[in-house]
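Could you work out the structure for the sequence below:
(one chain, ligands or ions: 1)
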Amino acid sequence: MEQYLQNRSSLIDQDLSFRRDRTKANTVSELSADRAVRQIRATEADSVWLANESAYYGDDTSPCIFPGMQFLTAKSLIMQTKLFKLLVKMPKGALLHAHLDATVNARLLLKFALEHPCIHIRLSRPLTITSITTAIPEFRPLTAASSALSLTSDGYVPGEWVPIVKARDSFHENFGGPEGFDKWIVDALMINPSEAYEQYNTTNKIWRKFQSTFAVSSVLIRYKPIWRKYIYEFLSSSVDDGISYIEARINFHYKHMFGEDGEESVPHREWLIDLEEVTEQFRQTLKQQGRGNEFVGIKVIYTTVRHATPEGLEWYTEDCIQLKQEFPHLIIGFDLVGHEDSLKPLIDYIDPLLKFRKRQEELGIDIPFVFHAGETTGDGTKADMNLYDAILLGTKRIGHGFSLYKHPKLLQICRERGIAVEACPISNEILRLTSSMPMHPLPALLNQGVPVALCSDDPAVFGNMGLTFDYFQVLVASETTGLLTLGQIARDSLQHSLLEPAEKEHALQLWESRWNFFIRSIVEDHGSVGDQQVN
Ligand SMILES: O=c1[nH]cnc2c1ncn2[C@@H]1O[C@H](CO)[C@@H](O)[C@H]1O
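Numbers count the residues shown, from 1 in each chain. You can find the predicted model right below:
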């Protein structure tokens, strides 16, 4: 028996030996905090999840309740847990994968829109009680006065612009009045549980709804005064969630933003000037609050969408180079975004991408690739094959890499070259690549020793604001993963960021001291629990 148990633990050790949470010696406090968190997780597996499962017995329409279940159904329950409240306080390190135009709470974006009377709204078809759930509102800043007063009156002519405040005030009570207006807009900006899990419950179907949320928000966010408020809010909510550094993907597909005059004429460089100014303003406010150490900064990964033609892409690579020359410290990467299963694969862009690299060499600049790749359930499909091209093109990290676990050689390359995966678990689940967290391939990557950073992707659309929700879902869906794994993930997010070496060193030092404080506070709060052996 003794021999058997020895063999067993040796086999387990060998199997998990690549894991990055095993590479570092842990302090006594860390081990104690990890045990405490495992204990809370075990207790809540019964008190929160099992308890609710039994409450649902006998009701065929009720969702199945378990840790790591469908996020949109579980969200309110998650927020009530001790574990969630504890994780809110964890220093998360860097947010390395977020589309900037999907990062601010939808209600707040609507509030920003209502603060600007020049924002107008229109519909392409008359609104009916049944069509409201799929009717897509269109926005535009307009300076000329419009005579239309209501979207819901019989006299409304589709295509006519209505000032947003009037549209809201006059929203007919049959549609819920002004609150009904708010609900309609917010629903158009987000994915709700019945859309993700019933109406559009396949990847292709949910992507159509997903894309439509960007169509609704795009003009609002590209209105310069809202853009500035949007960035401020993104920074402030991220830092409140324990994120200290951000590499945001900005979609430069649209060549202009709308200025205060309502003209769509503000070029990309001004978007970045705004970003810098607002960031500075935010930094000053934090300093005044004595919280200067909580924020390192924000940098930008230039992105455009995979429906550009290979020739058309050259406009964007040239634009990216110009921005890099003007904002060398701000532009730190290049990526192509959009639905990989249906849009052009990387192999179609090899020529312009190699030219892009050559131009950079000639100019003595470096804009690393940070490609989305393998965001698919496919095997050997063009989206899955993007992984090979991303790696051959020298990608510094992989966005999503959902299908990476199928590729032994690529896993080895990622481990050996330190190519981190920007894993977006909640995004993957809502976009229907996985039905729940226990089905997500993340543990395969962790066990293979691939560096991982957890990311929120499009929190405004999914409702997973900050990083706490993604950390939570990962923690409750694995027995191997513990608090110390999450710590290593946060550390790796900074380690695999594109910060300059000195900046990275500084960011890591700040993180380590916050981490030690966090660990100490867990031990103080839960010390007695932590001393009990759980496993
Ligand atoms: O998970 C994702 N995978 C690929 N593309 C995405 C994802 N999330 C958002 N976008 C893309 O980014 C643009 C907005 O900046 C949108 O066009 C959207 O398609």
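
continuing past the helix or strand bottoming out on mean pLDDT in the chain, what's the next helix or strand?
Averaged element by element with mean pLDDT, DSSP states H and E, the chain has its least confident helix or strand at helix 51-56 (a mean of 66). Per DSSP states H and E, helix 51-56 leads on to helix 71-80 as the next helix or strand towards the C-terminus.

for the helix or strand that comes right after that next one, packing partners?
Where DSSP H and E defines the elements, the next helix or strand beyond helix 71-80 is helix 82-88. Judged by 3 or more Cβ pairs under 8 Å, 6 or more residues apart in numbering; DSSP states H and E, helix 82-88 is in contact with helix 28-44, helix 468-476. Yep, even glycine has a C-beta here, placed from its N, CA and C like the rest.

Of all the ones you listed, which one is nearest the ligand?
Comparison of the helices and strands packed on helix 82-88 against the ligand by Cβ to the nearest ligand atom identifies helix 468-476 as nearest, at 13.1 Å.

which residues does the one residue in the stretch 251-400 of the chain that gets nearest to the ligand contact?
Among all residues of the stretch 251-400 of the chain, residue 251 sits closest to the ligand, at 3.3 Å; criterion: Cβ to the nearest ligand atom. Residue 251 is in contact with 99-101, 303-305, 337, counting by Cβ atoms under 8 Å, 6 or more residues apart in numbering.

got the residues of the stretch 351-500 of the chain near the ligand?
Counting by Cβ under 6 Å from any ligand atom, the residues of the stretch 351-500 of the chain close to the ligand are 372, 375, 427, 457-458.

In strands, which of those fall?
Filtering these for membership in strands, criterion DSSP state E, returns residue 372.

Export the residues of the stretch 351-500 of the chain next to the ligand as TSV, with columns for distance to residue 441.
Listed next are these as TSV, based on distance: Cβ to Cβ, whole Å:
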residue	distance to residue 441
372	16
375	12
427	14
457	16
458	20
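
tell me which of the residues of the stretch 351-500 of the chain next to the ligand is nearest to residue 75?
residue 427 (14.2 Å; Cβ to Cβ).

interface residues of the protein facing the ligand?
Counting by Cβ under 6 Å from any ligand atom, the residues of the chain near the ligand are 99, 101, 211, 214, 251, 305, 337-338, 372, 375, 427, 457-458.

Report the buried members of those residues.
Buried subset of the residues of the chain next to the ligand (neighbour count, 16 or more other Cβ atoms under 10 Å): 99, 101, 214, 251, 305, 337-338, 372, 375, 427, 457-458.

The residue nearest to residue 75 when sequence neighbours are not counted and the ligand, how far apart?
Ranked by Cβ to Cβ, 6 or more residues apart in numbering and with sequence neighbours excluded, the top spatial neighbour of residue 75 is residue 463, at 6.3 Å. Here residue 463 is placed at a distance of 14 Å from the ligand (Cβ to the nearest ligand atom, to the nearest Å).

What does the pLDDT read for residue 463?
We note a pLDDT of 98 for residue 463 in this prediction.

Domain map for the chain?
Listed by automatic domain parsing, the domain ranges of the chain are 86-106+214-515, 107-213.

so can I have JSON lines of those domains showing distance to residue 27?
Shown next, in JSON lines, are these (distance: least, Cβ to Cβ, whole Å):
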{"stretch": "domain 86-106+214-515", "distance to residue 27": "10"}
{"stretch": "domain 107-213", "distance to residue 27": "40"}
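
circling back to that earlier point, among the helices and strands packed on helix 82-88, which is the most enclosed?
Mean neighbour count (mean count of other Cβ atoms under 10 Å) peaks for helix 468-476 among the helices and strands packed on helix 82-88, with a mean of 25.

quick one: that one to chain centroid distance?
13 Å (Cα atoms, centre = their mean, to the nearest Å).

from memory residue 88 sits against residue 82, does it?
No - using Cβ atoms under 8 Å, residue 88 is not in contact with residue 82, being 10.9 Å away.

mind listing the strands for the protein?
Under DSSP E, the chain gives strands at 93-99, 119-122, 138-141, 162-163, 243-251, 257-258, 264-266, 297-305, 331-337, 372-373, 397-400, 420-423, 452-454.

which sections of the stretch 401-535 of the chain are below the confidence cut-off?
528-535 (pLDDT under 70).

would you list every one of the helices in it?
With DSSP state H, counting those that start in this stretch as the criterion, the stretch 401-535 of the chain has helices at 408-417, 425-430, 442-447, 459-462, 468-476, 483-495, 501-530.

Can you give me the pLDDT of the closest residue to residue 283 other than its chain neighbours?
Spatial nearest neighbour of residue 283, excluding adjacent residues (Cβ to Cβ, 6+ apart): residue 295 at 6.4 Å. At residue 295, the model reports a pLDDT of 98.

List the contacts of residue 295.
Contacts of residue 295 by Cβ under 8 Å, 6+ apart are 235, 239, 244-245, 282-283, 286.

Any regions of the protein where pLDDT drops low?
53-64, 528-535.

buried sites along stretch 148-160?
148, 150-152, 156, 160.

what about that stretch, start to end distance?
7 Å (Cα to Cα, to the nearest Å).

And the contacts of that stretch?
With Cβ under 8 Å, 6+ apart, stretch 148-160 has contacts from 121-127, 146, 161-162, 166-167, 170-172, 174-175.

which among those end up buried?
Buried among these (16+ other Cβ under 10 Å): 121-123, 127, 161-162, 166-167, 170-171, 175.

Export those to JSON lines and append columns for distance to residue 505.
Listed next are the buried ones among the contacts of stretch 148-160 as JSON lines, based on distance: Cβ to Cβ, whole Å:
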{"residue": "121", "distance to residue 505": "49"}
{"residue": "122", "distance to residue 505": "52"}
{"residue": "123", "distance to residue 505": "53"}
{"residue": "127", "distance to residue 505": "56"}
{"residue": "161", "distance to residue 505": "52"}
{"residue": "162", "distance to residue 505": "54"}
{"residue": "166", "distance to residue 505": "54"}
{"residue": "167", "distance to residue 505": "52"}
{"residue": "170", "distance to residue 505": "57"}
{"residue": "171", "distance to residue 505": "54"}
{"residue": "175", "distance to residue 505": "56"}
